[in-house]
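Q: sequence first, predicted coordinates after that:
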Amino acid sequence: CNATAIENKKDLLAFLDAHGDSYIQEIRTYAKKINCAIAAGVILRDENNKIRNRLLLIGNHGNTVGYSDKIHLPQVETDMGICAGEQVNIIEYQGLRIASAICFDIYFAEYFSMLSHKNVDLIIAPAYQRAESAQRIIALSQVRAIDAGAFLVRASYSVDNSENFAGRSLLVAPNGKIID
């Protein structure tokens, strides 16, 4: 995410004004350069000037293929003025039906049950759970892939090189098996 670790509204707004659009443009340029689609978690202002925590899927030509907004917000995000997504967007790309589960969304089993009814193939789950145990993150990812009947790719990064907390980028099959 382009705004990880920003914890107050003033800093978030200053960041968006100074870097929000340029960060997304860099992703577009890079996707085109490497001729590859890129899924990126970003904080941005939408077309109605609402602040959203959004997954953007940028195609290999630098165009926006689709997006999906975070549905479940923790209090810290609402306090910063971030607005929850109002609908679940399914992105269709190269024959795949793609959904997102951004960070806190992973805790809501009914969300994944709903995704199973939408016949998604892949769930992209960018996350910043820095206090969760590695075992819990792995188990949650496996259960949610099973709940949705879809592949789940979790993208995260480690905190302080800890093997026991946070991080855990992984790919899980619809049957819950972690793919190496």
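A: Okay, I see it.

Q: what does whichever strand or helix holds Gln142 rub up against?
A: Using DSSP states H and E, Gln142 sits within helix 134-148. Contacts to helix 134-148, defined as Cβ atoms under 8 Å, 6 or more residues apart in numbering, come from residues 99, 101, 106-107, 109, 112-113, 115-116, 120, 123, 125, 127, 129, 151-152, 154, 156, 163-168, 170, 172-178. No exception for glycine: its C-beta is placed from N, CA and C like everyone else's.

Q: all strands of this protein, in order?
A: Assigned strands in the chain, in chain order: 38-45, 51-58, 64-69, 82-83, 91-93, 96-100, 122-126, 151-155, 170-172, 178-179 (criterion: DSSP state E).

Q: show me what the third one is packed against.
A: Applying 3 or more Cβ pairs under 8 Å, 6 or more residues apart in numbering; DSSP states H and E, one finds that strand 64-69 makes contact with strand 51-58, strand 91-93, strand 96-100.

Q: same check, this time on the fourth one
A: Other elements packing on strand 82-83 under the criterion 3+ Cβ pairs under 8 Å, 6+ apart are strand 51-58.

Q: number of residues surrounding Leu56?
A: For Leu56, the count of nearby residues is 20 (other Cβ atoms under 10 Å).

Q: actually, Gly176.
A: 15.

Q: pLDDT score assigned to it?
A: Looking at Gly176, its pLDDT is 98.
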